[in-house]
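K.L.:
After the sequence you'll find the predicted model.
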Amino acid sequence: MEVNQQTGTQEQRPLKRWYRLLEGLLYSSVFISCCAFALTVETYLLARLPVSIPMASFVFLATLFTYNLSSVQSILRRPQQLIDANNPFWSQRHKKELAVLGMVSIAAAVIIYFWFDLQVNLWFLLHLAVISVGYTVPILYKRRRVKPLRSVPLLKVFLIAYVWAVVTAMFPLLDAGMQVWQPEALGLFFRRFLFILALALLFDIRDYTYDRDTNTLTFPGWIGVRYTKLCSLMLLLLYVLVLVCSESGLILWALAASAVGAAAVVAFSSTSRARIYYVILADGAMLLHAGLVFGAMAWAG
């Protein structure tokens, strides 16, 4: 019996290590930053432009910093705070490591921006920085604590979609020398906005209980989970209709297939789903989106 127990324990160790690695990738926001990297590369491919790895890396690092900003802010405000090793949330147990990761990420992003002379206007970057910081970090105004932007009724999903669309669609085009108001740039931005907005509504469903307890009005709290899912599906349908008017051939089929995959994730979402469902599948829908385009481009030669 002892031998069997020891053998079973030894077999479980690799599984535990793989699970810890998966947790680290997902909850440190490395995975979602990889999604941002992939979408940025996809934009170059869709616009038939040479891919800039420095720009894609800049987007990866900026995303990694943004998603770990709350940990950075928490540690900077209270550097001597005690970390509860038994906290059920991975990000809370590794708050200090995430703060370091966030600071290293923003430092590396700044170096890449200036070293490779990325062609994105600093003032244009500034308004996104204000949104990103204000999204999670409360602001002091005339000695009064102003709630973060995510607490503004119904605003959260639009901010997420706007920032993601600008960063992954507009940044690559601007760096390549295109103007913001060119029809192709606006078209790619609008398509990306619709796709991300549909996915962002899923995170409102995921956070429904938390938002309700904190008196934050979101779409599920306003129109219910069922109609929020319907809104998400309608956005994906609109996305496909826009695709039909702007793409053709394998690229059209690849992008439409990614919308179908996202719709399946929406259809099976609920407030009772485990958090990992949204982290892997909702975020993964962006990776699928880019992966199918890469595959279509490779197939077309």
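P.N.:
Sure, I can see it.

K.L.:
Secondary structure element for the most centrally placed residue in the chain, which one?
P.N.:
With distances taken as C-alpha atoms, centre = their mean, the residue of the chain nearest its centroid is Ile32 (5.1 Å). Element membership of Ile32, judged by DSSP states H and E, is helix 30-46.

K.L.:
Now do the buried residues in whichever helix or strand comes after that helix.
P.N.:
Sequence order places helix 53-67 as the next helix or strand after helix 30-46, per DSSP H and E. For helix 53-67, a neighbour-count test (16 or more other C-beta atoms under 10 Å) marks 55-67 as buried. Every C-beta, even on glycine, is put in place using the N, C-alpha and C of the backbone.

K.L.:
between those, which is closest to Ala296?
P.N.:
Ala56 (18.8 Å; C-beta to C-beta).

K.L.:
Please name the nearest non-neighbouring residue to that closest one.
P.N.:
Nearest residue to Ala56, sequence neighbours excluded (C-beta to C-beta, 6 or more residues apart in numbering): Thr40, at 4.4 Å.

K.L.:
how deep is the closest residue to Leu49 other than its chain neighbours tucked in, by neighbour count?
P.N.:
Nearest residue to Leu49 in three dimensions, chain neighbours excluded: Ala176, at 4.7 Å (C-beta to C-beta, 6+ apart). Using other C-beta atoms under 10 Å, Ala176 has 17 neighbouring residues.

K.L.:
okay, Ala176: pLDDT?
P.N.:
Looking at Ala176, its pLDDT stands at 92.

K.L.:
Return the backbone torsion pair for it.
P.N.:
Backbone torsions for Ala176, taken as degrees, to the nearest 10, come to phi -80, psi 0.

K.L.:
didn't it look like it was pressed against Tyr44?
P.N.:
Yes - between Ala176 and Tyr44 there is a contact under C-beta atoms under 8 Å: 7.3 Å.

K.L.:
and Arg13, what helix or strand is that in?
P.N.:
Following DSSP H and E, one finds Arg13 within helix 2-27.
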